[in-house]
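Student: build the 3D model from these lines:
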Amino acid sequence: MEFAPKKAKKKIEGGSNVFSMFEQTQIQEFKEAFTIMDQNRDGFIDKADLRDTFAALGRLNVKNEELEDMVKEAPGPINFTVFLTMFGEKLKGTDPEETILNAFKIFDPEGKGHIKADYIKEMLMTQADRFSQEEINQMFAAFPPDVSGNLDYKNLCYVITHGEEKD
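Tutor: Just a heads-up that it's a prediction; the model follows:
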């Protein structure tokens, strides 16, 4: 049994087995999401399934081009393995939430959960992999500072790692 973790690690590096990229609980969550989206239960997600899924979420007038663009992201018909692979590719290179939070905490020694937007802008534009003004603008457009000029980095980290805002 001791060799199993090493073997799994090799698979991740090679990228050959998508199931080795995720923990069992994550795979189960993806399977539940896939099952919800596979509205007609044929084992594949297609444009009709996506349209029905959006309708179930209250979004009724999704453009056909938008659905086509989504389906085109897949190399072929979207079965569960393809679905999982697509999520694996989207999530690859994303650090765990804790890692990103710890990076922000360096700039928040008092642990307030937010940092001055001007300060983070200066750091991002002058240190290490420098951000351009355009990248700063994109970040602040997606995550505007509050009225006091503070950036809620905990929410930012959550969105980076989970893809949606906390309620």
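
Student: all contacts plus neighbour counts: C-alpha atoms, from now on.
Tutor: Will do.

Student: Y153: neighbouring residues, count only.
Tutor: Counted by other CA atoms under 10 Å, the residues lying close to Y153 total 21.

Student: what's the closest non-adjacent residue to it?
Tutor: H114 (5.5 Å; CA to CA, 6 or more residues apart in numbering).

Student: please parse the protein into its domains.
Tutor: 22-91, 97-162 (the TED database).

Student: in TSV: those domains, plus mean pLDDT.
Tutor: As requested, these are exported to TSV (pLDDT from 0 to 100):
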stretch	mean pLDDT
domain 22-91	90
domain 97-162	87
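
Student: coming back round to it: count of neighbours near the residue nearest to Y153?
Tutor: Residues near H114, counting by other CA under 10 Å: 21.

Student: again, but for E73
Tutor: 10.

Student: for D146, same thing?
Tutor: Counted with other CA under 10 Å, D146 comes out at 12.

Student: what's the answer for the one 4 residues further on, then?
Tutor: When counting by other CA under 10 Å, one arrives at 17 neighbours for N150.

Student: list phi and psi for the spatially closest residue to it that is not a sequence neighbour.
Tutor: Leaving aside its chain neighbours, N150 sits nearest to K116 (4.4 Å; criterion: CA to CA, 6+ apart). Dihedral pair for K116: phi -60, psi 130, per degrees, to the nearest 10.

Student: distance check, K116 against Y158.
Tutor: 18 Å (CA to CA, to the nearest Å).

Student: then K112?
Tutor: Taking CA to CA, one finds K112 at 16 Å from Y158.

Student: so which residues of this structure form helices?
Tutor: 4-14, 24-37, 47-56, 64-72, 80-91, 97-105, 117-126, 133-142, 153-162 (DSSP state H).

Student: can you tell me what sits against the fourth one?
Tutor: Taking CA atoms under 8 Å, 6 or more residues apart in numbering as the criterion, the residues outside helix 64-72 that touch it are 46-47, 50-51, 78.

Student: many thanks, I have nothing further to ask.
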